[in-house]
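Visitor: coords below, sequence missing:
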């Protein structure tokens, strides 16, 4: 239940977009953590946490997993109008975990949160609202899973 609350909190905070101060790192850069082995708990937790109404888990590749949640009607309408989206595929808040191996045996997990606004031509516009609170929550969760920070 706590994991589901975390993902919901990330989605709400990513939509808020009202951070008063900018983080020290590039706000568009994902939160990156290094792991000695693949954090299997993360890949098991995402489907459990992302199972509510309007939510879906997408696994576009073996090294990426996403929790996608439909925006509320007002937010979806605003995103479609502001970013010239389409009504054929609705905007979603996305929490993405991307993994990659390093030259050694380590694994890097990059976590990012954004709004995906589908376009008429089939592309997606990713709208990132920098929020230090979202970054902090993702960093805390990855640290609890055994990750260590990667320098920007």
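Guide: Here it is on my side, so go on. This is a predicted model, so every value here is computed, not measured. Residues are numbered from 1 along each chain as shown.
Visitor: those helices in the chain, which residues are they?
Guide: 2-16, 40-49, 73-82, 132-144 (DSSP state H).
Visitor: in the second one, what's buried?
Guide: Right, helix 40-49. In terms of neighbour count (16 or more other C-beta atoms under 10 Å), helix 40-49 has its buried residues at 42, 45-46, 49. Glycine gets a C-beta too; all of them are placed from N, C-alpha and C.
Visitor: and residue 117, bridged to which residues?
Guide: Residue 117 forms beta bridges with residue 125, as assigned by DSSP bridges.
Visitor: returning to that earlier point: residue 119: which of the buried residues of helix 40-49 is nearest?
Guide: When these are ranked by distance to residue 119 (C-beta to C-beta), residue 46 comes first, at 25.8 Å.
Visitor: excluding its backbone neighbours, what's nearest the closest one?
Guide: Leaving aside its sequence neighbours, residue 46 sits nearest to residue 65 (C-beta to C-beta, 6 or more residues apart in numbering; 5.2 Å).
Visitor: which ones are touching that neighbour?
Guide: Residues near residue 65 by C-beta atoms under 8 Å, 6 or more residues apart in numbering: 43, 46, 57-59, 96-97.
Visitor: Can you flag which of the residues you listed belong to strands?
Guide: 57-59, 96-97 (DSSP state E).
Visitor: can you tell me which of the helices of the chain the model trusts least?
Guide: Per-stretch mean pLDDT for these is lowest at helix 2-16 (a mean of 45).
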